[in-house]
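Chemist: this one's sequence-less:
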C-alpha cells in the first residue's frame, strides 16, 4: 500500500474516460472530504499527511479533488487512477 502511494505521486498518469467517470461519482459522494462538515481526527491526520506528501512532490495543484473518507483518507485524484473499486459502505459506487 505504501509503495503504491509513493509511486502514485511520481508517475504521470493518463486520464481516460473511466478515470473521469470515477471522479464524477466521487465529487458528489458524501464521503468526499470536500462534502463533509466534520472529519474524524484520525482520518483528518491521514488526509493532512496525504496533502503534505502531494505538496512535497509538487503535485498539490493536481490533488484538489478531496479525500475518500470511506477508506483511509486516500486522495480521490490518485485513488481514481490506481484503484479498481470504491469502498463506499453501501457498495462499490464505481461499478457500471
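Modeler: Cool, the structure landed. Since this is a predicted model, take the numbers as computed values, not measurements. Numbers count the residues shown, from 1 in each chain.
Chemist: how about the helices in this protein?
Modeler: Taking DSSP state H to define them, one finds helices in the chain at 2-8, 17-28, 41-56, 76-82.
Chemist: for those, which one ends up most surrounded?
Modeler: Sort those by mean neighbour count, taking mean count of other C-beta atoms under 10 Å, and helix 76-82 sits at the top with a mean of 21. No exception for glycine: its C-beta is placed from N, CA and C like everyone else's.
Chemist: can you list contacts of that one?
Modeler: Residues external to helix 76-82 that are found in contact with it (C-beta atoms under 8 Å, 6 or more residues apart in numbering): 4-5, 8-9, 13, 15, 19, 22-23, 26-27, 32, 62-68, 71.
Chemist: of all the helices of the chain, which one is nearest residue 88?
Modeler: Nearest of those to residue 88, taken as C-beta to C-beta: helix 17-28 at 9.2 Å.
Chemist: elements contacting that closest one?
Modeler: Using 3 or more C-beta pairs under 8 Å, 6 or more residues apart in numbering; DSSP states H and E, the elements in contact with helix 17-28 are helix 76-82.
Chemist: and the helix it packs on, average pLDDT?
Modeler: Averaged across helix 76-82, pLDDT comes to 89.
Chemist: return the distance of that helix from the chain's centre.
Modeler: A distance of 5 Å separates the centroid of the chain from that of helix 76-82, by C-alpha atoms, centre = their mean, to the nearest Å.
Chemist: just use 56 as the starting number from now, easier for me
Modeler: Will do, 56 is the new start, and the previous item becomes helix 131-137.
Chemist: so who does the closest residue to residue 102 other than its chain neighbours touch?
Modeler: Setting aside the residues directly before and after it, residue 102 is nearest to residue 128 in space (C-beta to C-beta, 6 or more residues apart in numbering), at 4.2 Å. Shown in contact with residue 128 (C-beta under 8 Å, 6+ apart): 88, 94, 98, 99, 101, 102, 105, 122.
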